[in-house]
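K.L.:
generate coordinates for the sequence data below:
(2 chains)
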2 protein chains.
Amino acid sequence: MKIYHAPNTRSVRIVWLCEELGLDYELEMFKLGDASMRDPEYLKIHPMARVPALADGNVRIFESGAIVQYILAKHGDGRMLPDVNSPHFSDYLQWLHYAEGMIMPHVNILVVETILLPEDRRNPVNISRATKQLTRALGAVDQALEGREFLAGEFSGADIMTGHACTVAARLGADISDKPNVTAYIKRLNDRPAMIKAWTVGA
Amino acid sequence: MKIYHAPNTRSVRIVWLCEELGLDYELEMFKLGDASMRDPEYLKIHPMARVPALADGNVRIFESGAIVQYILAKHGDGRMLPDVNSPHFSDYLQWLHYAEGMIMPHVNILVVETILLPEDRRNPVNISRATKQLTRALGAVDQALEGREFLAGEFSGADIMTGHACTVAARLGADISDKPNVTAYIKRLNDRPAMIKAWTVGA
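P.N.:
Residues are numbered from 1 along each chain as shown, chains lettered A, B, ... in the order given. Model (predicted):
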């Protein structure tokens, strides 16, 4: 498998997953905002010029949540994925989707407003609104983690998605000072050797 | 099953799916932005006070993409869901996730900036940026639909997610005038009796 990867982007999720599963992969490296993502060759892989994307045999697939589900279904041997009859199945799906549904839209805004835009075009109203929403979105995760180590039973693909999203949200300014479960969860995930590898490869 | 539903929200997707599958459901109705979504009883169902949510026996689940996957896995009898060995499996996952990953973040901004905020707090820069991004995001869908009726082989859960997102995006001002495939796709989906029912129930 080939992972189209840039440090500090959603493609960290895919490297992390492959490291957790002990799967072989090669990396094609980009940087965040790299102009070469808009090369015609890469646009055939990802028409929106983003990472991650994955090549696996003849398959080309993008969207990190889709890639997580694809890899677990094809190469996971049942690991990190509750069975459809498991009591954790609905939580698994819910928190797998929560990352992009509830957390990352505000992360996107903060990346644009605090990193990508030149300073004179940044808007403090947008920053304050996104930070507030992000803090709220992490509140629901904090509640769900009460008495639990992971979001859906054992460590799973849901933690790859929402765990990564929580980590990024906290780095960008979401307030987790009153969220002990999320704080411990972020530390727990970021102490995993596979996650350490994923954050550092190519960085 | 009980669907927590409000007209003109993402919960339309769940009603649409149940109608397509001929599944029985009851509705608990809200309105977009309804204060009663913040009642303590409903916050136990959805901690972010949103729709859709689904109750099915003892299961409570939110996030529309998760609910689509849950219903198809539990009650779909293999319909609208390519098998893991199907050549359409990766496209299915990709376009299932594309709706929230690439389209809806910009839709969210347009809903806030053109509907929810009072006029004196709306920001034309945000509106113009989101509209431009939305138009781009629909460009990739237009390309994928070249020579195809649906996004992943037969009509599937991916069309529920990204088809709904395209419809909403076009209504909010994404430019589809140069996107004949998306234009025809939106019409094709919105002519389906199940979709007509989903748009009108409780509205």
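K.L.:
going forward, measure contacts between C-alpha atoms and count neighbours the same way
P.N.:
OK.
K.L.:
chain B contacts on chain A?
P.N.:
Counting by Cα under 8 Å from any Cα of the partner chain, the residues of chain A lying close to chain B are A:47-48, A:59-63, A:65-67, A:69-70, A:73-74, A:84, A:90-91, A:93-94, A:96-98, A:100-101, A:105, A:136-137, A:140.
K.L.:
so which of the residues you listed belong to strands?
P.N.:
A:59-62 (DSSP state E).
K.L.:
most neighbours of all those residues, which one?
P.N.:
The residue in those with the most neighbours, by other Cα atoms under 10 Å in any protein chain shown, is A:Phe62 (28 neighbours).
K.L.:
what about the residue of chain A most remote from its centre, distance to chain B?
P.N.:
No residue in chain A sits farther from the centre than A:Asp120, which is 29.4 Å out by Cα atoms, centre = their mean. For A:Asp120, the distance to chain B equals 13 Å [Cα to the nearest Cα, to the nearest Å].
K.L.:
what does A:Asp83 give?
P.N.:
10 Å.
K.L.:
what is the neighbour count of the spatially closest residue to that residue that is not a sequence neighbour?
P.N.:
For A:Asp83, ignoring the flanking residues on the chain, the nearest one in space by Cα to Cα, 6 or more residues apart in numbering or on different chains is A:Phe89 at 6.3 Å. Residues near A:Phe89, counting by other Cα under 10 Å, number 18.
K.L.:
cool, and A:Ala73?
P.N.:
16.
K.L.:
which SSE is A:Thr9 in?
P.N.:
According to DSSP states H and E, A:Thr9 maps onto no helix or strand at all.
K.L.:
where does chain A have low pLDDT?
P.N.:
By pLDDT under 70, chain A has no low-scoring segment.
K.L.:
how is chain A carved up into domains?
P.N.:
What automatic domain parsing lists as the domains of chain A is A:2-79, A:89-196.
K.L.:
so can I have CSV of the ones in strands among the residues of chain A next to chain B showing distance to B:Lys187?
P.N.:
Output for those, formatted as CSV (distance: Cα to Cα, whole Å):
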residue, distance to B:Lys187
A:Val59, 29
A:Arg60, 28
A:Ile61, 27
A:Phe62, 26
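K.L.:
mind listing what's buried in whichever helix in chain A runs longest?
P.N.:
Longest helix in chain A, counting residues (DSSP state H): helix A:124-144. Across helix A:124-144, burial judged by 16 or more other Cα atoms under 10 Å in any protein chain shown covers A:126-127, A:130-131, A:133-142, A:144.
K.L.:
contacts for that helix?
P.N.:
Outside helix A:124-144, the residues that touch it by Cα atoms under 8 Å, 6 or more residues apart in numbering or on different chains are A:102-103, A:106-107, A:109-110, A:113-114, A:151, A:166, A:169, A:173-176, A:179-182, B:47-48.
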